[in-house]
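>>> the sequence and its predicted three-dimensional model are supplied below.
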Amino acid sequence: MIKAVTKISLILLLAGCASTSNNPANKFDLSHWKITIPLDQDNDGKADTIDTKALQHYQHTDFFYLDQFGHLVFTSPNKAVTTQTSSNTRSELRQMIRGFDTSIDTKSYGNNFALSAHPDAKYFDQLGGKLSASLKVNHVAKNAKHPKKPAYSVVVGQIHAGKDKALIAEGNGFGWGNEPIKIYYKKWPNHQSGSVFWTYERNLAKDNPDRTDIAYPVWGNTWENTEDPKSEGIKLNEEFSYEINVFNSVMHLTFTQKNQKTVTYQIDLSNNIDAYGNIDNKDNPNGYTGDWHYFKAGAYNQCSTKDADGIWYAGCSGTGDWKTDKANGDYTRVTFTNLTLSQATQP
């Protein structure tokens, strides 16, 4: 029987996608990625995932495609099918270190990277890693009932720790699936420019009130500031670059843009010292030491249509009909000119 993801990719290609000669994989190395898209073609109630093999021949004219310049476009509406644990839609790649070798389990040491401080570091196929990207945010959602933190924003790159019930059961403080970094772009509807910033999530249990995202500015403001960053920020369709380089147990960040100063950070992910060099007594004292990790990149739309208590539910507009939502500006779109995975390098 043909696997579901293969059926999905064939259905979508036959449904009007562009010529296979213009596949994203022809221009970008997608041999160590899979993708989640905001569609449910197999009717299982979850966002579809296209595995690494199928991804080499996959595109979608609305949500994942090459533009006329050969650049890689990710689009995600505010309202569409989501993954099981999220109320946010995404058109987003997930690193698959195993490549095409599906005999290696998704959660295994052979498909994820570890910090050098991990007690089982010698058993991982990869310690640390590097993700380099250049991109333009073309559009962010414009309509939200509540202008909470994530409204009008998109995550364009991240590291995810593994969500792992077995690790949680061991009781050592790992396996919750938190994120040591998410890179945000946020632009309020009436602003000339948007802001780029990144967040570190304290590596704590989901029900711990101290588990929160700590924002660090790059260009412009962090997410709670309602001022227009103007010349200090980044406009829509202005290209910028980031590099996430996890060497040994330290995450080195570099952000560059032709009209802005270069911004760098470093943070040891194996302890509770923040990116400014201060001890965070509320964080896990061992940071992300015992977790396994993977990179993600694309358009992870932060403008959830869910209207509820909590900072994440902004009540953003969206009907679920793509043609309508596109016309109303209820979506996010990001175009990558470069997206490269590689081994970590010593700074």
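Yep, that arrived.
>>> how many residues are close by the closest residue to Lys186 other than its chain neighbours?
Spatial nearest neighbour of Lys186, excluding adjacent residues (CB to CB, 6 or more residues apart in numbering): Ser153 at 3.7 Å. (Glycine included, C-beta is placed from N, CA and C.) Counted with other CB atoms under 10 Å, the neighbours of Ser153 add up to 25.
>>> check the one 3 residues further on too.
For Val156, the tally of surrounding residues (other CB under 10 Å) stands at 26.
>>> in a helix, Asp325, correct?
Yes. Secondary structure of Asp325 (DSSP: H, G, I helix; E, B strand; the rest coil): part of a helix.
>>> ok, the closest residue to it other than its chain neighbours to Lys326 distance?
Nearest residue to Asp325 in three dimensions, chain neighbours excluded: Pro77, at 4.7 Å (CB to CB, 6+ apart). Using CB to CB, to the nearest Å, Pro77 is found at 7 Å from Lys326.
>>> looking at those two, which one has more neighbours?
Using other CB under 10 Å, the more surrounded residue of Pro77 and Lys326 is Pro77, with 27 against 15.
>>> coming back round to it: so what pLDDT did the residue nearest to Lys186 get?
On the pLDDT scale, Ser153 is placed at 97.
>>> quick one: contacts for it?
140, 184-187, 223, 302-303 (CB atoms under 8 Å, 6 or more residues apart in numbering).
>>> which single one of these is nearest to Tyr200?
Tyr184 (12.0 Å; CB to CB).
>>> burial count for that closest one?
Using other CB under 10 Å: Tyr184 sits among 26 other residues.
>>> again, but for Asp213
Asp213: 19 neighbours (other CB under 10 Å).
>>> mind checking which helix or strand the residue nearest to it when sequence neighbours are not counted is in?
Counting by CB to CB, 6+ apart, Asp213 lies nearest to Thr199, which is 4.0 Å off, once chain neighbours are set aside. Per DSSP states H and E, Thr199 falls inside strand 195-201.
>>> next SSE downstream of that strand?
Assigned by DSSP H and E, the successor of strand 195-201 is strand 213-219.
>>> elements contacting that following strand?
When contacts are defined as 3 or more CB pairs under 8 Å, 6 or more residues apart in numbering; DSSP states H and E, strand 213-219 sits against strand 195-201, strand 250-257, strand 260-268.
>>> now the first one against strand 213-219, angle please.
Between strand 195-201 and strand 213-219, the angle comes out at 150 degrees (axes from the mean of the first three to the mean of the last three CA atoms, to 10 degrees).
>>> please save the CA atoms from strand 195-201 in PDB.
This file holds the C-alpha atoms of strand 195-201, laid out as PDB (Å, rounded to 0.1, in the frame of the first residue of the first chain):
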ATOM      1  CA  SER A 195      11.000  44.000  14.400                       C
ATOM      2  CA  VAL A 196      13.200  41.000  14.500                       C
ATOM      3  CA  PHE A 197      13.900  39.300  17.800                       C
ATOM      4  CA  TRP A 198      14.500  35.800  19.300                       C
ATOM      5  CA  THR A 199      13.200  34.000  22.300                       C
ATOM      6  CA  TYR A 200      14.600  31.500  24.700                       C
ATOM      7  CA  GLU A 201      12.100  29.300  26.500                       C
END
